[in-house]
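Engineer: just the structure for this:
(chains A and B)
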Number of protein chains: 2
Amino acid sequence: TVFSSMFVSSGTSSYSYFIHLRATIHLCTSRCQKFLISRVGEDWIFLILLAFWNGRRKWMYGGLNSNMLLQYLAWVTYPVVLITFSAGFTQILAPQAVGSGIPEMKTILRGVVLKEYLTFKTFVAKVIGLTCALGSGMPLGKEGPFVHVASLCAALLSKFMAALFGGIYMNELRNTEMLSAACAVGVGCCFAAPIGGVLFSIEVTSTFFAVRNYWRGFFAATFSAFIFRVLAVWNQDEETITALFKTRFRLDFPFDLQELPAFAILGIACGFGGALFVYLNRLIVECMRKQKTINKFLLRKRLVFPAMVTLIISTLTFPPGFGQFMAGQLTQHESLVALLDNRTWSCQGVAEEFDYISHSHAWKHPQVNVFITLVFFIVMKFWMSAVATTMPVPCGAFMPVFLIGAAFGRLVGETMAVMFPDGIHADGSVYPIVPGGYAVVGAAALSGAVTHTVSTAVIVFELTGQISHILPVMIAVILANAVAQSLQPSLYDSIIRIKKLPYLPELGMGHHEKYNVRVEDIMVRDVRYITLSSSYRDVQEVLLTGQLKALALVESTDSMILLGSIERSQLQSLLSLQLGPSRRLDHLRRHAKDNDTHTLDTHTHLSNLGTMDNPLSPPCTHTHSNSTNTSARHGVRFVVSVAEIAEWEEQQLDEPVDFNNCKIDPAPFQLVERTSLHKTHTIFSLLGLDHAYVTSTGRLVGVVSLRELRKAIEGSVTVTGVKVRPPLASFRDSGNNTTSVSEVTELHKLWNHHRGLSLPREPTPPDMEDQLDDMVKNICEAHCN
Amino acid sequence: TVFSSMFVSSGTSSYSYFIHLRATIHLCTSRCQKFLISRVGEDWIFLILLAFWNGRRKWMYGGLNSNMLLQYLAWVTYPVVLITFSAGFTQILAPQAVGSGIPEMKTILRGVVLKEYLTFKTFVAKVIGLTCALGSGMPLGKEGPFVHVASLCAALLSKFMAALFGGIYMNELRNTEMLSAACAVGVGCCFAAPIGGVLFSIEVTSTFFAVRNYWRGFFAATFSAFIFRVLAVWNQDEETITALFKTRFRLDFPFDLQELPAFAILGIACGFGGALFVYLNRLIVECMRKQKTINKFLLRKRLVFPAMVTLIISTLTFPPGFGQFMAGQLTQHESLVALLDNRTWSCQGVAEEFDYISHSHAWKHPQVNVFITLVFFIVMKFWMSAVATTMPVPCGAFMPVFLIGAAFGRLVGETMAVMFPDGIHADGSVYPIVPGGYAVVGAAALSGAVTHTVSTAVIVFELTGQISHILPVMIAVILANAVAQSLQPSLYDSIIRIKKLPYLPELGMGHHEKYNVRVEDIMVRDVRYITLSSSYRDVQEVLLTGQLKALALVESTDSMILLGSIERSQLQSLLSLQLGPSRRLDHLRRHAKDNDTHTLDTHTHLSNLGTMDNPLSPPCTHTHSNSTNTSARHGVRFVVSVAEIAEWEEQQLDEPVDFNNCKIDPAPFQLVERTSLHKTHTIFSLLGLDHAYVTSTGRLVGVVSLRELRKAIEGSVTVTGVKVRPPLASFRDSGNNTTSVSEVTELHKLWNHHRGLSLPREPTPPDMEDQLDDMVKNICEAHCN
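Structural biologist: All right, here's what the predicted structure looks like:
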């Protein structure tokens, strides 16, 4: 329960720090305080719930030591119930809460709106689901979910503040900044690792990080780490604030220089291991998707899969069974404490002093030695973690991977200790090898490899409270990253691809030819647009066919000069305003006044019309032939004047759009055709764009959205710059700094643009056109020869 | 010498890591290896030089203990000679090497080209000047210069690579990326603090950091830290790789929770101290500038100021003199080791065990107690550092500030230790207070306050090898930052302002109204441009009057449609090509052939013409009345045909420009008039722009350069949003989410644009124009009422 209660209290601290952050910054303490109290109160419920669950399990298991079967049932039932509950609860309340949430946050910070991921429902589902999932003892982590939870807090608080105070809280940019600061905090407050947490979150969620958001992250993370650890002191668990997994390696000679190759090999091995983990994780998901029978079955019985997985895993870890060979009875926290221990397990004298920490005896087995236990542990946990993280519950993979890394490091360290019992040092003094140091290095390297980050190095220092192994850790983490990055995407990018989120791949090494691809090679030329003289019917049509969130507003179909862009929702409201009940009512009133017949009837009907938009009204019997979506929805019960209303609606649709009540973005992002792909990628990443219009001297000629950009980048990511190279790209490869063909071509094009624009307006006589053409040709030839 | 040799060896490591970085990445090992060897060789010369200097000084001082005057002379002469040499050498070779270089790097990374700061000359001046300056024992640092040196290495290597391999090394964007990775390394390799160094450099030099450059920085920094420390092991100075300033605080109970308020107060005091330091530093520079007599004198005798400052400072630190009250004989390194010591100096039992570290006795004085020594040290070092860093030598202020912070922390710690001799802890066990911990906190807080960074926290952990004080350090650093940031700019920003570098201030807190200022309110409407039909004379004129590095190319003066931008240098070469000797020669040959008179004469003159561009040629006697710059430079000695050549030149100038040989940037950055200032700032910071064109539906209407943006931001920085609010801004404040006046106005403007653009081409009959006007008015009124 120590671990679980820690989680919850860190959860508490995560919320409270947030409130404190905002409170301090925005000086609206009093209201926040109330919010704080309500939130903290909420969390303590989970804490109690969790403590209850865990207590029950231990009690059941302990009390039933006479009967193996009952013991087994007690061991297995609780995880299955908890995971099933977690999966079911999340499924019903908010399926968006499933998984770590980091891929989604990365996508959101890229500028894509995934609104359902930042709702209060998701918040509740995530917190309760996560609490249960962690309480189950499955190999699941909490780092990713904490990033999501922190972001949820930020988003909800932003909304809350906007509703209360308006003003700057309404600003979109500002909210994104806040969200990115929030992300930079999630991890810090679950490991009490403010610095490493902030860096990790930055690495994982951002492409470009605004340094001005930096101190916000640190401020919040420090505050949360402080509160988190102070709670431990107040609980009398600790005397003062220290690291979570405190190690006690010797300071004067932490490692020998000649051990560095071993650390490097450990790092490289962890790199391969990390890539394998990501691959395995993706393989499992894809397998289940492709196998139609499995897929169908899983879709019908959504809770069967997590229950089955939990059953298998807890059966295998059952301590009297196979679990005895892999320290099955230990929680993740206990295992980690044991693995980071600074004694050597494989030493001769180990038998006597081995169980000085209560957890370590779990690794000792009367029949097999500690190496076998460790190998079993690593192999079993490896696939278990890969499988468990695919369950539809809120969970992350960081912690399990961290643990596996620590075990692997310990294995290497113990091997080294056996090989060099007196240490490697050549001089007189004996410095035996510290296998715990290897465990630290392994943990950082493997988690770094899986997530493609180097800040795991900082996390381990903060976690262990010792920085003595900084050099081995950094070397191993960098090597692991180098290996893993060249083999597989990061776990989060892998999930982004699996979930098909609208992301933007990185421009990595070897994308040099990207400097030569231009926007014109990848843009979509068939742009949806509306003009200043469009009718409502046009708007309706565009809304029905288009996909983009915003539509271009151009001057006219002839000139195509871009004036701005209008959001879909704005157009929809324009349309419903035009055809809405209030205007219809108006029309009918006027109509009734004009005709002045059966006044009583109209009145009754008018009152009916008021409720007509209600979907509960009985289906209409009269539908007219050319019914549009809108007129069908407002289906007419007004039997007397149905033809009139149909006619009226048709009239309304033919009217030109009145843009006065419509918010127009007067500055949509514009690129020109010759903007390089590299620059486009940078701009999209930096500004978090979803799409940008391509203009040529003011005329709208195309649009580039994330999709096109992704395709362009990925195309040559997989084929290393051969396949997707657009026809024009090769043309430009040669001359970069010499004024050769390419520049002449550019002028030629400029010239053409120039003419293309001016021709329709002030038509040049044909002979002059020919002259111009000849001139340009001559210039080109003269230069090429 | 330990400290100095460390500097040089870390210098070595900085180069070698760089070479390694590039070698690994770009697989051009063999050539790099040679380069590496040559560089390392170079550095060892400095090392020997430095060791020589320092050895001499100690020897002189030690050998002369009989005669106080000779001792004094020996103590004073060497610093004065070294600093004078450093100042003179830098002055002669490359004045750009003066100072830390961080402000310049920040500016360069912002996209401003300061080419003279990245030359080989600057490199040599910086390295030699810095070596001498550090060897002098003045309170000067090396962090900033190291950032500059690392960047110099990167820039030079990039050039070197570009010359050898071309290709991607030619790319401007790529070079900037490399430079930013280099910056992120400078500090890491002078403190063996890879993580803190990388973070510090990011905070100090970047506004937006590309996370993809992150691992490069870590890779390079780790490598350099490794080599740096390995050299110490190979030198037999150390047994294995450990921290530079290793501390040995107790791990189990590093500090009591009740000490946190003391740490917080220390942090706040350091915040005030940091702001005071920045203010003092600026005050000194401005004083010297304003006082005309001083200024004149200093300008004439540039070496007098550093010599005088050095003389005063070394006189005051002379150990037998006033220096005895402020530990004057210790170097910065020795002082820091003593200050971070984990014993308590003010304890009762201190008399016996006080000098167990050789340096600590310097703080003990028979007459005055340790508090007085510390106060003297702090006060004297404070102003000395502020003065010393204004000397025209390559130097930084980080290390002196760090030291003062450590002393201040030690002072607070010792006071606490006296107040609570048995510690604060309430329970049975006695945990005395650790003043060394306060020193660590103070060092991080003060240096953080001066530089406006939080990563100094990480630096102290890596420097001391202990992370146990993480929470107090983080709290103090954040508080210090909060205080200092609200009082003064960072030291580097302050220097940027003093040096009037083209920088862009941050959009800090309280700039909310920036969301309401638009580009149209700040842009320059009088744009310099050339058209497709410009003559060479126009180009000449534009070049003579304009200031910007690039000029806009528009279609024609009527349409003003922006086609691209052309660099100044391109236009200059176009112009000199048109009027250059080869074309003139051509002309004369043809002329000679046509006339076929005095052939011999022409031939002689032609050979003269070949050398005519040489500035050494005697001044021309014949100059024609309307001589332009260019024709004056090509001054005509060709006596016979001088009138003809003048005529020919005039003809040439009247010809339309041939843009075929000219590189045109087809995608200059464009904004629209209604882009908000906030967005503009973000885009400028992100993309490192120098200027951007403002277009309205394709037509060039203005240009915004860094200068305008700076003015706009600073204007309201100083007056908190009242003074510089442009006329239109207030108009938009009210409705942000309601469709009110502002949107209607926007449409009105759109409409006007629409008409403004279409009118000159397809003129509307006047009555229709009136109708339109009325319509728009009606709409607006209808909506407002």
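Engineer: do the helix or strand harbouring A:Phe160 and chain B meet?
Structural biologist: Assigned by DSSP states H and E, A:Phe160 falls within helix A:143-165. No. Helix A:143-165 lies apart from chain B when judged by CB under 8 Å from any CB of the partner chain; the minimum separation is 9.3 Å. Where C-beta positions appear, they are placed from N, C-alpha and C, glycine not excepted.
Engineer: in the stretch 101-250 of chain A, where is pLDDT below threshold?
Structural biologist: A:111, A:165-174, A:177, A:184, A:189, A:236-242 (pLDDT under 70).
Engineer: just the strands in it please.
Structural biologist: A:208-210 (DSSP state E, counting those that start in this stretch).
Engineer: quick one: A:Lys121 from A:Phe420, how far?
Structural biologist: A:Lys121 is 57 Å from A:Phe420, where distance means CB to CB, to the nearest Å.
Engineer: and the two? Which one has more around it.
Structural biologist: Neighbour count, other CB atoms under 10 Å in any protein chain shown: between A:Lys121 and A:Phe420, A:Phe420 has more, with 16 against 12.
Engineer: tell me the buried residues in the helix holding A:Phe160?
Structural biologist: For helix A:143-165, burial by neighbour count (16 or more other CB atoms under 10 Å in any protein chain shown) applies to A:143-158, A:161-162.
Engineer: could you dump it to PDB, C-alpha only?
Structural biologist: Taking Å, rounded to 0.1, in the frame of the first residue of the first chain, the C-alpha atoms of helix A:143-165 are listed here in PDB:
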ATOM      1  CA  GLU A 143       3.900   8.700 -15.700                       C
ATOM      2  CA  GLY A 144       2.000   9.100 -18.900                       C
ATOM      3  CA  PRO A 145      -1.400   9.200 -17.200                       C
ATOM      4  CA  PHE A 146       0.000  11.900 -14.900                       C
ATOM      5  CA  VAL A 147       0.900  14.100 -17.800                       C
ATOM      6  CA  HIS A 148      -2.600  13.700 -19.100                       C
ATOM      7  CA  VAL A 149      -4.100  14.400 -15.700                       C
ATOM      8  CA  ALA A 150      -2.000  17.500 -15.200                       C
ATOM      9  CA  SER A 151      -3.100  18.700 -18.600                       C
ATOM     10  CA  LEU A 152      -6.700  18.000 -17.800                       C
ATOM     11  CA  CYS A 153      -6.400  20.100 -14.700                       C
ATOM     12  CA  ALA A 154      -4.800  22.900 -16.700                       C
ATOM     13  CA  ALA A 155      -7.500  22.700 -19.300                       C
ATOM     14  CA  LEU A 156     -10.400  22.600 -16.800                       C
ATOM     15  CA  LEU A 157      -8.900  25.400 -14.800                       C
ATOM     16  CA  SER A 158      -8.500  27.500 -17.900                       C
ATOM     17  CA  LYS A 159     -12.100  26.900 -18.800                       C
ATOM     18  CA  PHE A 160     -13.100  27.700 -15.200                       C
ATOM     19  CA  MET A 161     -11.000  30.900 -15.200                       C
ATOM     20  CA  ALA A 162     -12.300  31.900 -18.600                       C
ATOM     21  CA  ALA A 163     -15.900  31.500 -17.400                       C
ATOM     22  CA  LEU A 164     -15.200  33.500 -14.200                       C
ATOM     23  CA  PHE A 165     -12.800  36.200 -15.500                       C
END
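Engineer: other SSEs contacting it?
Structural biologist: With contacts defined as 3 or more CB pairs under 8 Å, 6 or more residues apart in numbering or on different chains; DSSP states H and E, helix A:143-165 has these neighbours: helix A:2-26, helix A:29-63, helix A:102-109, helix A:120-135, helix A:172-186, helix A:188-191, helix A:194-205, helix A:398-419.
Engineer: that one vs helix A:102-109, what angle?
Structural biologist: Comparing the axes of helix A:143-165 and helix A:102-109 via axes from the mean of the first three to the mean of the last three CA atoms, to 10 degrees yields an angle of 40 degrees.
Engineer: the inter-axis angle of helix A:143-165 versus helix A:194-205?
Structural biologist: Here helix A:143-165 runs at an angle of 90 degrees relative to helix A:194-205 (the same axes, to 10 degrees).
Engineer: A:Cys270 contacts A:Phe408, correct?
Structural biologist: Yes. Counting by CB atoms under 8 Å, A:Phe408 is a contact partner of A:Cys270 at 6.8 Å.
Engineer: who's more crowded, these two?
Structural biologist: Comparing A:Cys270 with A:Phe408 by other CB under 10 Å, the one with more neighbours is A:Cys270, at 33 against 28.
Engineer: average pLDDT for the helix or strand encompassing the more buried one?
Structural biologist: A:Cys270 is part of helix A:260-290, with elements assigned from DSSP H and E. Here helix A:260-290 scores 91 as its mean pLDDT.
Engineer: can you pull the buried residues of it?
Structural biologist: Within helix A:260-290, the residues that qualify as buried by neighbour count (16+ other CB under 10 Å) are A:260, A:262-264, A:266-271, A:273-278, A:280-282, A:285.
Engineer: now do it: which elements does it pack against?
Structural biologist: Applying 3+ CB pairs under 8 Å, 6+ apart, we find helix A:260-290 packed against helix A:292-300, helix A:370-388, helix A:398-419, helix A:435-451, helix A:470-487, helix A:491-498.
Engineer: could you chop chain A up by domain?
Structural biologist: Per the record, chain A has its domains at A:15-235, A:257-303+A:324-345+A:360-499, A:515-578+A:659-714, by the TED database.
Engineer: what's the closest of those to B:Thr131?
Structural biologist: Nearest to B:Thr131 among the domains of chain A is domain A:257-303+A:324-345+A:360-499 (26.6 Å), distances taken as CB to CB.
Engineer: now do the end-to-end distance for that closest one.
Structural biologist: Distance across domain A:257-303+A:324-345+A:360-499, first residue to last, is 45 Å (CA to CA, to the nearest Å).
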